[in-house]
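Colleague: Return atomic coordinates for the entry below.
(chains A and B)
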Amino acid sequence: MKKNYLFTRRQIILTGLSGIGGLLLPGCSKKLPPTYGNILRMGDVLTYVVHRTLLPGQSMAREYQHSDISSFPATGTTNPADETSKYYSEAWGKFHHGEFANWGLSIEGLVARPGSYSLATLQSFPNRTQITRHTCEEGWTAIAEWTGVPLGYVLQQAGIQPNARFVNCYAYDDYMESIDMLDAFHPQTILAYGMNGRNLPVQHGAPVRLRVEKQIGYKSVKYLKRIVVTDEFVDVGDTGWSWYNGI
Amino acid sequence: MSSPNNQSTATTPHKRWVKGSHWIITLSFLALAFTGFEMIMVHPRFYWGEVGNDLTPALFELPVSRNYKHGGWENSSPFFAQQGSPITASRTYDIFNQNGWGRSLHFLAGWFLVVTGLVYLLAGLFTGHFRRNLWPGSKEFTLQNFRLDLASHLRMQIPPAANGPHYGLLQKSTYLAVIFFLLPLITLTGMTMSPAITAAYPFLLKIFFGAQSARTIHFFASIALEGFLIVHVLMVIKSGFKQQILSMTWGK
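Modeller: Below you'll find the predicted structure:
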């Protein structure tokens, strides 16, 4: 006897697949990081697209009380002036010696007014202080108070162009991370020059580091040197680590 | 048979969607358990609350890698002038860290688990699978039956394979606990470790008492699920391995 199903299995599967496709489409029409044919990177991009599609973009990371501030390990590069280190930077050492009076953050790429921003200039901009939780990919967390200028404000000062897609942050220890426009203009994404009420300590990225509060710790680049705004994804090859790390 | 199985004489085999989701979830779970252990090796300390790191006290530590109590810290200095101030210190120790592929594989397997799990939940609800095969009837669900079933399991008197969803009371209760408690719990505590997800859904941090508590609960839920896996496989072996595998694959 032929059964009269309301929906056939094929219809259900096709409807489901096209539904998922429709859901992913707005994410896919934007530029995505490369996957290098690597299934792990495909999974990372899936996570990125789903987060950008389903999560409210401007939601704020939780902020804490002053009494919640905790001990905070310094990992990765902890002193770029260390000559024995693979990531030794003579230039940074000189800036450090001069208490960063001659240090400047270069902002380049798709901006109308490229140029260098001194520490004093950055400190003269409207600032934001936030007590947030740092989540390290290793599994630990720590809470600190960060003071700095919102990255979005600085990018607007520099006259960021409408075709901008990525903000690439280069550091004195040869580290580089890029973020998309949603993270770059998030109110809690700041160029931090203060930590726990003092100048940013050397171990934590003096004189200025990035804070990206809705991603894992390694996106928050320390020892900033220059920021380059691009419309293309700057491909440094498969590092073995996920580019997007909101998870 | 002391087991209170009310097996019908006409055995219905496992549905294809049950078989398919069973094996996808099995493979996802194995990948998640493996990479989860790798991540514990990177930071084998567990905490309660929002915060936990090498400079704060641990709830417990597991001796599972060279990172266990490595002690490689220097230039320790307090943030504030007062006594007992939180501190910072620089790490000098080259830790074991394979989280690059470990995390990405964990989340990829997580996607397979979550998507398959959702399809399974919807199908189980709408086909009546849960109601018919997993939910114990009020006559079946008695303390007496529970005690009898438990006793026969402890004596290793396991009924032979039924070639389909014909489960005893203890078996139904265990499956329900895994499907509706442990797997949702491990998924939600996993999400509570994500800074993007907790920014969107801050209640997750409330219900699990913080990001580090979520990590600790996630760990214990994984131990419970691994315990389930071991007992499940043991029961499959005791009730007729070959037949059970056939009935969950291409057998009728």
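Colleague: Surely residue B:54 is in a strand?
Modeller: No. Going by DSSP: H, G, I helix; E, B strand; the rest coil, the assignment for residue B:54 is coil, not a strand.
Colleague: next structured bit after the longest strand anywhere in chain A?
Modeller: When chain A is parsed with DSSP state E, its longest strand is strand A:141-150. Note on strand A:141-150: by DSSP states H and E, the next helix or strand toward the C-terminus is helix A:151-157.
Colleague: ok, back up a step: residues of the longest strand of chain A that come out buried?
Modeller: Across strand A:141-150, burial judged by 16 or more other CB atoms under 10 Å in any protein chain shown covers A:141-150. C-beta coordinates here come from the backbone N, C-alpha and C atoms, glycine included.
Colleague: which one is residue 187 nearest to, not counting chain neighbours?
Modeller: Defaulting to chain A. In this structure, residue A:187 finds its nearest non-sequential neighbour in residue A:150, 6.1 Å apart by CB to CB, 6 or more residues apart in numbering or on different chains.
Colleague: Wait, chain B was what I had in mind.
Modeller: residue B:114 (6.3 Å).
Colleague: now do residue A:40
Modeller: residue B:104 (3.9 Å).
Colleague: Let me see the contact set for that neighbour.
Modeller: A:40-41, A:43-44, A:241-242 (CB atoms under 8 Å, 6 or more residues apart in numbering or on different chains).
Colleague: Strands of the chain, start to end?
Modeller: The chain I'm using is chain A. A:72-74, A:104-109, A:115-118, A:128-135, A:141-150, A:166-171, A:176-180, A:190-195, A:198-199, A:209-211, A:224-230.
Colleague: let's do chain B instead
Modeller: According to DSSP E, chain B carries its strands in the segments B:45-46, B:60-61, B:73-78, B:87-91.
Colleague: can you count the residues close to residue B:134?
Modeller: 17 (other CB atoms under 10 Å in any protein chain shown).
Colleague: rewinding a little: farthest-apart pair in the buried residues of strand A:141-150, please.
Modeller: By the measure CB to CB, A:141 and A:149 form the most distant pair in those, at 25.0 Å.
Colleague: who touches the nearest residue to residue A:194 once chain neighbours are set aside in this structure?
Modeller: Spatial nearest neighbour of residue A:194, chain neighbours left out: residue A:147 (3.3 Å); criterion: CB to CB, 6+ apart. Each residue near residue A:147 by CB under 8 Å, 6+ apart is listed here: A:127-129, A:190, A:192-195, A:197.
Colleague: Pairing partners for residue A:147 in the sheet, please.
Modeller: Following DSSP bridges, residue A:147 is listed with bridge partners residue A:129, residue A:194.
Colleague: what about residue A:216, distance to residue B:93?
Modeller: In this structure, residue A:216 and residue B:93 are 21 Å apart, going by CB to CB, to the nearest Å.
Colleague: ok, now residue B:77?
Modeller: On the measure of CB to CB, residue B:77 and residue B:93 end up 18 Å apart.
Colleague: neighbour-wise, which of the two wins?
Modeller: When neighbours are counted by other CB under 10 Å, residue B:93 comes out ahead of the other of residue B:77 and residue B:93, with 14 against 11.
Colleague: what's the burial count for the closest residue to residue B:101 other than its chain neighbours?
Modeller: Using CB to CB, 6+ apart and skipping the chain neighbours, the partner closest in space to residue B:101 is residue A:40 (6.0 Å). Other residues lying near residue A:40 total 22 when counted by other CB under 10 Å.
Colleague: for the stretch 1-150 of chain B, which spans come out with low pLDDT?
Modeller: When residues are selected by pLDDT under 70, those of the stretch 1-150 of chain B lie in B:1-10.
Colleague: which stretches of it form helices?
Modeller: With DSSP state H, counting those that start in this stretch, the ranges of helices along the stretch 1-150 of chain B come out as B:16-42, B:99-126, B:129, B:143-154.
Colleague: same thing with chain A?
Modeller: A:9-28, A:39-54, A:90-97, A:119-124, A:151-157, A:181-184 (DSSP state H).
Colleague: Also the stretch 151-252 of chain B?
Modeller: Using DSSP H, counting those that start in this stretch, helices in the stretch 151-252 of chain B cover B:169-177, B:183-191, B:195-200, B:203-207, B:211-238, B:241-247.
Colleague: how is chain A carved up into domains?
Modeller: Using automatic domain parsing, the domain parsing of chain A gives A:9-55, A:60-230.
Colleague: and those domains, which is most packed in?
Modeller: Mean neighbours per residue, mean count of other CB atoms under 10 Å in any protein chain shown, is largest over the domains of chain A for domain A:60-230, with a mean of 19.
Colleague: Quote the end-to-end distance of that domain.
Modeller: 25 Å (CA to CA, to the nearest Å).
Colleague: Kindly report the same for stretch A:94-108.
Modeller: 23 Å.
Colleague: And stretch A:115-134, by the same measure?
Modeller: End-to-end distance for stretch A:115-134, by CA to CA: 30 Å.
Colleague: what do you get for stretch B:162-177?
Modeller: 21 Å.
Colleague: Off-centre distance for that stretch?
Modeller: 18 Å (CA atoms, centre = their mean, to the nearest Å).
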